[in-house]
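A.B. asks: Need a 3D model of the sequence below.
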Amino acid sequence: MDLLEVIGRLDEELLEKYKGVESIAFSEGEIPLKYKYLMAMAIDGVKGAVEGVRVLAKHAVDNGASLNEVSEAIRVAVYIGGASALYTIANGLREMELG
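C.D. replies: Residues are numbered from 1 along each chain as shown. As a prediction, the model looks like this:
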């Protein structure tokens, strides 16, 4: 089940509008998708969103990001968010194949 289905059952209009913003944010444009997903992963790491890190890292890799690019995005997140970001990201990547 899509986690946001819960919101959709309460407020379908809100969910549709949110998904519209999501589709704009993660569409091909001047910034390739892999970089958009890496940016979002780093932000979720700083904000403490373990599940977001997990999903967004997978999307980044699925869209062509190398593990080195993931690692560099993690460095930026840790610079901004410190040790808590490091632990959030480690939790999010725990089950990911890292080579």
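A.B. asks: use CA for all of it now, contacts and neighbours both
C.D. replies: OK.
A.B. asks: Packing partners of the helix or strand containing Tyr18?
C.D. replies: Applying DSSP states H and E as the criterion places Tyr18 in helix 12-25. Under the contact criterion of 3 or more CA pairs under 8 Å, 6 or more residues apart in numbering; DSSP states H and E, helix 12-25 touches helix 5-10.
A.B. asks: is it true that Gly81 touches Asp44?
C.D. replies: No: using CA atoms under 8 Å as the test, Gly81 is too far from Asp44 to be in contact (10.1 Å).
A.B. asks: What spatial separation is found between Gly92 and Met41?
C.D. replies: According to CA to CA, to the nearest Å, Gly92 and Met41 sit 10 Å apart.
A.B. asks: repeat for Gly82
C.D. replies: Distance check for Gly82 against Met41: by CA to CA, it reads 15 Å.
A.B. asks: Among those two, which residue is more densely surrounded?
C.D. replies: Met41 (30 against 14; other CA atoms under 10 Å).
A.B. asks: Which residues belonging to the longest helix seen in the chain are considered buried?
C.D. replies: Scanning the chain for the longest helix, with DSSP state H as the assignment, gives helix 67-93. Burial within helix 67-93, assessed by neighbour count using 16 or more other CA atoms under 10 Å, is assigned to 69-70, 73-78, 81, 85-93.
A.B. asks: circling back: now what about the helix holding Tyr18, what contacts it?
C.D. replies: By CA atoms under 8 Å, 6 or more residues apart in numbering, the residues outside helix 12-25 that reach it are Leu4, Ile7, Gly8, Lys36.
A.B. asks: and the residue nearest to the first one when sequence neighbours are not counted, how far is that from Leu86?
C.D. replies: Sequence neighbours aside, Leu15 is the residue nearest to Leu4 in space, at 7.4 Å (criterion: CA to CA, 6 or more residues apart in numbering). According to CA to CA, Leu15 and Leu86 sit 31 Å apart.
A.B. asks: show me the residues around the closest residue to Arg54 other than its chain neighbours that make contact.
C.D. replies: Residue nearest to Arg54 in three dimensions, not counting chain neighbours: Gly92, with 4.5 Å by CA to CA, 6+ apart. Going by CA under 8 Å, 6+ apart, Gly92 touches Val50, Glu51, Gly52, Val53, Arg54.
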